[in-house]
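**Student:** no sequence for this one, just the structure:
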């Protein structure tokens, strides 16, 4: 199904276009044809924000170490203006093609603060290992291990954190990670953590096939077949193709989740995102597997649009996620 948009290019403010041009140019320059990355330059260019125990716009933050040997930690965001005796917990996985950024990156620190404040929730933003230095399944192991850590160490969280009301969330590669962590949770037995919903913002999936949206949307910001091919090549184990279960999650090698307690999922799709066909297939696969799923489309939006607060769609997405969270919590 093609996007309903009739424009050949997204209509964006000049500030957004400039930011996207810079990001695209920088990330292209950092990737090397041999599958390596100029990580030192990436770290230099990645604008970081420190955690702050003093509330900023009603949210304080701190960093919690899980395993220092692999630099596994999370940034904890706690709203300070809520009067509730207990708050839901959102475990968030950032995007960046499994390759870039961290919870300390300016844009993700900012968006997680918005989540904590707008959703009245404890937000845990996970710092997972990146490719190409760490291939699959390192990212999924890190994500699940953070859940195990909070399951066994609830004292690392504020007393008002209610682990029986947990949501998994992520954008792009982070949404891929959330899905695969959800499967690991279904296959395990956590004592205190209960996943009651999943927020999948423009998930990063793929496959051997070139979909209609991938071939049509070749000059849009951030995402292209060339960029995603590089990512999957250095993400997957040697000898595997893009129909691997971690990439083509609804494809020929998909995990059978029909008998699993997989969480109800909200999926966001953008009309100028080349990955949109894969995202719709994910939604349809969830429904066919007997799982609760809701699809929200933004016909004129690019990949990662919600990270740009100057775009009106960003605040709209926040409102829709809040409604989803409240709806899931009302059913408990």
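**Tutor:** Done, it's in. Only a predicted model underlies this, so the values are computations on that prediction, with no experimental measurement involved.
**Student:** can you give me the helices in the stretch 51-200 of the chain?
**Tutor:** Taking DSSP state H, counting those that start in this stretch as the test, the helices found in the stretch 51-200 of the chain are 106-119, 138-152, 173-186.
**Student:** out of those, which comes closest to residue 35?
**Tutor:** Across those, residue 35 has its closest neighbour in helix 138-152 (15.7 Å, CB to CB). Every C-beta, even on glycine, is put in place using the N, C-alpha and C of the backbone.
**Student:** pull out the buried positions in the closest one.
**Tutor:** 138-151 (16 or more other CB atoms under 10 Å).
**Student:** turn the residues you listed into a markdown table, including distance to residue 50 and pLDDT.
**Tutor:** Output for these, formatted as a markdown table (distance: CB to CB, whole Å; pLDDT from 0 to 100):
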| residue | distance to residue 50 | pLDDT |
| --- | --- | --- |
| 138 | 25 | 98 |
| 139 | 24 | 98 |
| 140 | 28 | 98 |
| 141 | 27 | 98 |
| 142 | 21 | 98 |
| 143 | 23 | 98 |
| 144 | 27 | 98 |
| 145 | 24 | 98 |
| 146 | 20 | 98 |
| 147 | 25 | 98 |
| 148 | 27 | 98 |
| 149 | 22 | 98 |
| 150 | 22 | 98 |
| 151 | 27 | 98 |
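**Student:** next, format the residues you listed as JSON lines and append distance to residue 102.
**Tutor:** Listed next are the buried residues of helix 138-152 as JSON lines, based on distance: CB to CB, whole Å:
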{"residue": "138", "distance to residue 102": "15"}
{"residue": "139", "distance to residue 102": "13"}
{"residue": "140", "distance to residue 102": "17"}
{"residue": "141", "distance to residue 102": "17"}
{"residue": "142", "distance to residue 102": "12"}
{"residue": "143", "distance to residue 102": "14"}
{"residue": "144", "distance to residue 102": "18"}
{"residue": "145", "distance to residue 102": "16"}
{"residue": "146", "distance to residue 102": "14"}
{"residue": "147", "distance to residue 102": "18"}
{"residue": "148", "distance to residue 102": "21"}
{"residue": "149", "distance to residue 102": "18"}
{"residue": "150", "distance to residue 102": "19"}
{"residue": "151", "distance to residue 102": "23"}
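**Student:** rewinding a little: would CSV of the helices of the stretch 51-200 of the chain with distance to residue 213 be doable?
**Tutor:** As requested, the helices of the stretch 51-200 of the chain are exported to CSV (distance: least, CB to CB, whole Å):
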stretch, distance to residue 213
helix 106-119, 25
helix 138-152, 25
helix 173-186, 17
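**Student:** closest one to residue 308 among those?
**Tutor:** Of the helices of the stretch 51-200 of the chain, nearest to residue 308 by CB to CB is helix 106-119, at 8.7 Å.
**Student:** so which bits of the closest one are buried?
**Tutor:** Buried residues in helix 106-119, defined by neighbour count with 16+ other CB under 10 Å: 107-109, 111-119.
**Student:** and if you look at stretch 279-292?
**Tutor:** For stretch 279-292, by 16+ other CB under 10 Å, it's 279-283, 285-286, 289, 291.
**Student:** what does stretch 182-192 give?
**Tutor:** Quick answer for stretch 182-192 (16+ other CB under 10 Å): 182-185, 190.
**Student:** what does the model give the residue lying farthest from the centre of the chain for pLDDT?
**Tutor:** Here the chain reaches farthest from its C-alpha mean at residue 83, the gap being 28.6 Å by CA atoms, centre = their mean. Confidence at residue 83, expressed as pLDDT, is 85.
**Student:** who wins for proximity to residue 166 among the helices of the stretch 51-200 of the chain?
**Tutor:** Nearest of these (CB to CB): helix 138-152, 8.0 Å.
**Student:** tilt between that closest one and helix 173-186?
**Tutor:** Counting by axes from the mean of the first three to the mean of the last three CA atoms, to 10 degrees, helix 138-152 points 60 degrees away from the direction of helix 173-186.
**Student:** going forward, count from 5.
**Tutor:** That works, and once the first residue is 5, the last one we named lands at helix 142-156.
**Student:** so which elements touch helix 142-156?
**Tutor:** strand 63-71, strand 76-83, strand 91-97, strand 126-131, strand 165-175, helix 177-190 (3 or more CB pairs under 8 Å, 6 or more residues apart in numbering; DSSP states H and E).
**Student:** OK, contacts around residue 332?
**Tutor:** Counting by CB atoms under 8 Å, 6 or more residues apart in numbering, residue 332 makes contact with 171, 200-201, 268.
**Student:** and these as a markdown table, adding pLDDT and neighbour count?
**Tutor:** Shown next, in a markdown table, are the contacts of residue 332 (pLDDT from 0 to 100; neighbours: other CB atoms under 10 Å):
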| residue | pLDDT | neighbour count |
| --- | --- | --- |
| 171 | 98 | 27 |
| 200 | 98 | 18 |
| 201 | 98 | 23 |
| 268 | 98 | 18 |
